[in-house]
Structures are given as structure tokens and as C-alpha cells.
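**Student:** Sequence plus the predicted model coming up.
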Amino acid sequence: SLPGSITSIGNSLWIKFHSDTDTTADGFSAYFALSVTHCEQTYQATANRRSISSPNYPASYPGNIDACVTTITAGEGQQIQLVFEEFATEDHSDCGYDYVEVRDGDSSDSPSLGRYCGSSLPGSITSIGNSLWIKFHSDQNTNADGFSAYFALSVINCPKPTIPNGAVSPTDATLSYGHSYTVTCNSGYILADSSTMTCKKEKSTDCDSALIPLL
């Protein structure tokens with residue numbers, strides 16, 4: 001039976017061939033080459049969930065990985081939520097062996113949001129800006145199952161304002177970033193130019209309205 005492909009965990013392989021004094025056969029032929037584990041990925045975040053994982057997941061990840069970077073971007077003013085569903089890497093007090101590193105931005109120089117290792121599931125991570133940089137690293141020693149996670153746009157909800165002597169449309173309890181709402185005054189009130197959007201009594205019985213963007 002032909003053995004399957006074999007990839008070293010470290011940077012060397014030791015191969016021994018042995019035969020006894022009895023039955024002989026044709027032997028074997030094989031080839032070898034550098035195995036380059038390179039898994040750079042770029043995604044555009046949407047409202048729909050998309051999954052990412054460590055190399056070979058759910059099988060154990062290879063050793064000596066340092067070029068496995070995922071960059072996720074969203075539109076201007078949007079944020080990204082990253083949720084880990086499974087997590088298992090070599091444990092270390094400073095996460096110096098195998099780890100997942102998350103940064104708020106699109107490069108290795110962006111502010112760190114954490115470095116994670118071991119078997120504890122990291123909490124949900126939400127970007128401050130509109131991009132996330134995620135790096136998976138492994139050394140040449142102990143390997144584990146790795147991680148599985150998903151990401152999607154993080155919806156920023158604003159509470160619907162309460163307008164005395166008026167009404168707000170749409171009637172949803174919360175409004176998302178980038179949406180707008182319309183304030184309409186009751187009969188006998190006119191819209192005051194105020195950040196609180198209070199309808200004040202006026203002599204006119206005309207009813208004004210305004211479209212207010214959520215910034």
C-alpha cells in the first residue's frame with residue numbers, strides 16, 4: 001500500500017530503509033520538496049456570516065506557520081464582529097508558541113486587540129475601526145486542532161428618540177448606523193431647531209417635519 005503524503009512538523013525528516021535476509025521486493029521511489037504553508041486571505045465583511053479557520057481544520061494544523069494572515073474590511077464607519085466557535089492551540093503563559101493574534105486595522109502595526117492561545121474560547125471581538133487583521137502562528141513543536149470562527153458586520157443600534165408632541169418614523173425600537181429618521185410634529189406644533197428635536201408650541205397650526213441622519 002502506498003503511504004500517504006508526509007509533511008514534517010519541523011524543518012527536517014529522518015528516513016530509514018531496512019531489509020532482512022529473506023524475501024526481497026522492488027522497494028520504493030519517492031520525491032521531496034519544500035512544503036510552503038501560506039494562507040493569506042482577504043474578505044469584505046457583510047451582514048452575512050462567513051467562516052475562517054486555521055490550516056487543515058478540523059485536523060491538526062501544521063508546524064512552522066507564520067504567514068497565515070486574514071484581513072477583513074468593511075465600509076467606512078462600519079465595524080466588524082469576530083466570534084470564535086472552536087479554539088485549541090498549544091498553551092503558553094505569554095502565548096509565545098502557537099497563537100491567534102487580532103489587530104484593529106489592516107496591518108501588523110495596527111493596535112492589538114489580543115493574542116490568544118490554549119483551549120479557552122476567546123470572547124467576541126468587535127473592531128473599533130472598519131478592518132480586522134488576524135494572524136495565526138505555530139512553532140515546530142506541539143500542534144492541536146486550531147480554531148474555527150465567523151465574522152460579520154457589527155450592527156450599531158441607536159435608540160429611537162422620544163419626541164414630545166410629535167412622532168418618529170420609522171417606528172422601529174432601534175435604528176442602525178447610517179439610517180435616518182423623520183420627526184413629525186403634532187398639529188399645532190412646529191419643529192424646533194434643537195439637538196433633542198423637541199416640538200415646541202407655535203401659533204401656526206402647520207406641521208413641519210425633518211429628516212435627521214444618524215452620524
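**Tutor:** Thanks, I have the structure now. Numbers count the residues shown, from 1 in each chain.
**Student:** contacts, neighbours, all on C-alpha from now
**Tutor:** Noted.
**Student:** so where's this structure shaky on pLDDT?
**Tutor:** Along the chain, the model assigns pLDDT under 70 to residues 9-10, 33-38, 156-160, 172-180, 192-215.
**Student:** all helices of this structure, in order?
**Tutor:** Counting by DSSP state H, no segments of the chain form helices.
**Student:** State the distance from the closest residue in space to residue 44 that isn't next to it in sequence to residue 155.
**Tutor:** The shortest distance from residue 44 to any residue other than its chain neighbours is 5.1 Å, reached at residue 73 (C-alpha to C-alpha, 6 or more residues apart in numbering). Distance, residue 73 to residue 155, using C-alpha to C-alpha, to the nearest Å: 15 Å.
**Student:** and if you look at residue 148?
**Tutor:** 22 Å.
**Student:** So for the two, which residue has more residues nearby?
**Tutor:** Neighbour count, other C-alpha atoms under 10 Å: between residue 148 and residue 155, residue 148 has more, with 17 against 14.
**Student:** My understanding was that that one contacts residue 89; is that so?
**Tutor:** No: using C-alpha atoms under 8 Å, residue 148 is not in contact with residue 89, being 11.6 Å away.
**Student:** Which residue, other than its chain neighbours, is closest to residue 40?
**Tutor:** residue 69 (4.7 Å).
**Student:** Over to residue 153?
**Tutor:** Residue 153's closest residue in space is residue 80 (C-alpha to C-alpha, 6+ apart), at 4.6 Å.
**Student:** give the contact list for that neighbour.
**Tutor:** By C-alpha atoms under 8 Å, 6 or more residues apart in numbering, the residues touching residue 80 are 45, 73, 74, 126, 127, 130, 131, 132, 151, 152, 153, 154.
**Student:** Can you pull out the residues in contact with stretch 82-91?
**Tutor:** Outside stretch 82-91, the residues touching it (C-alpha under 8 Å, 6+ apart) are 97-99, 117-126, 142-152.
**Student:** And the buried ones among these, selectable in PyMOL?
**Tutor:** If you want just the buried ones from the contacts of stretch 82-91 in PyMOL, going by 16 or more other C-alpha atoms under 10 Å, the selection is:
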select buried, resi 97+98+99+117+118+119+122+125+126+142+143+144+145+146+147+148+149+151+152
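**Student:** out of the contacts of stretch 82-91, which are inside strands?
**Tutor:** 99, 125, 126, 146, 147, 148, 149, 150, 151, 152 (DSSP state E).
**Student:** For the spatially most central residue of the chain, which non-adjacent residue is spatially closest?
**Tutor:** Nearest residue to the geometric centre of the chain (C-alpha atoms, centre = their mean): residue 82, 3.5 Å. Leaving aside its chain neighbours, residue 82 sits nearest to residue 151 (4.5 Å; criterion: C-alpha to C-alpha, 6+ apart).
**Student:** One more: residue 53?
**Tutor:** residue 148 (4.4 Å).
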